[in-house]
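In: pasting a predicted model and its sequence here:
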Amino acid sequence: MKQYKLTIKSQGRGYSLITDQINATIKDEISSIDIGLLHVFLQHSSASITINENADPTVRVDFKNFEEQLVPRNFPYKHNYEGDDDMPAHIKSSLFGCELTIPITGGRLNLGTWQGIYLCEHRDFPHTRNLILTIAS
């Protein structure tokens, strides 16, 4: 097994396609793996990761708009130490999740044709987010 740390600076609330950054970090290691797995773990409680449509950027806009309706800021949250986006960000992180497992086949991530990996930033302002990438073959 091999493990890498990938640090990404988010742009603030929204969905950033990070497939290329992950591939760039692990490409040398997975190039010789015929069958294996990549486990991606996000070390944060106010962001999440997901796999979804990567061809049409309006998907990202719709995700952002939907999550704002699903988990509104104007709910009477008790936890607000870091602002009104704090508790909604924690809820969204739990709903979307902080880990993924992706098959490696023939030296590459075996994502579907239209799939990409997204960092979902649930806070208003840019943050530094750490991902732990673990490769098993």
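Out: It's in.

In: list the beta-bridge partners for the one residue sitting closest to the centre of the chain.
Out: The chain has Ile49 as the residue nearest its centroid, 2.2 Å off, counting by C-alpha atoms, centre = their mean. As for beta bridges, Ile49 partners with Leu119 under DSSP bridges.

In: contact partners for it?
Out: 18, 40, 42, 96-100, 117-120, 131 (C-beta atoms under 8 Å, 6 or more residues apart in numbering). C-beta coordinates here come from the backbone N, C-alpha and C atoms, glycine included.

In: again, but for His39
Out: Glu99, Leu100, Thr101, Leu133, Thr134, Ile135, Ala136.

In: helix or strand for it, just tell me which one.
Out: strand 35-42 (DSSP states H and E).

In: cool, and Lys64?
Out: Going by DSSP H and E, Lys64 is in helix 58-70.

In: which neighbouring elements make contact with that helix?
Out: strand 14-17, strand 47-53, helix 86-96, strand 115-121 (3 or more C-beta pairs under 8 Å, 6 or more residues apart in numbering; DSSP states H and E).

In: from these, which stretch is densest packed?
Out: Ranked by mean neighbour count under mean count of other C-beta atoms under 10 Å, the helices and strands packed on helix 58-70 are led by strand 115-121, which reaches a mean of 23.

In: now the element after that one, going C-ward?
Out: Assigned by DSSP H and E, the successor of strand 115-121 is strand 128-136.

In: and that following strand, C-alpha only, in PDB?
Out: Provided in PDB are the C-alpha atoms of strand 128-136 (Å, rounded to 0.1, in the frame of the first residue of the first chain):
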ATOM      1  CA  THR A 128      -7.200  24.600   2.600                       C
ATOM      2  CA  ARG A 129      -8.400  21.100   2.400                       C
ATOM      3  CA  ASN A 130      -6.300  17.900   2.800                       C
ATOM      4  CA  LEU A 131      -7.100  14.600   1.200                       C
ATOM      5  CA  ILE A 132      -5.400  11.300   2.100                       C
ATOM      6  CA  LEU A 133      -5.000   9.100  -1.000                       C
ATOM      7  CA  THR A 134      -4.400   5.400  -0.200                       C
ATOM      8  CA  ILE A 135      -3.600   3.000  -3.000                       C
ATOM      9  CA  ALA A 136      -4.100  -0.800  -2.500                       C
END
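
In: brilliant, that's me finished.
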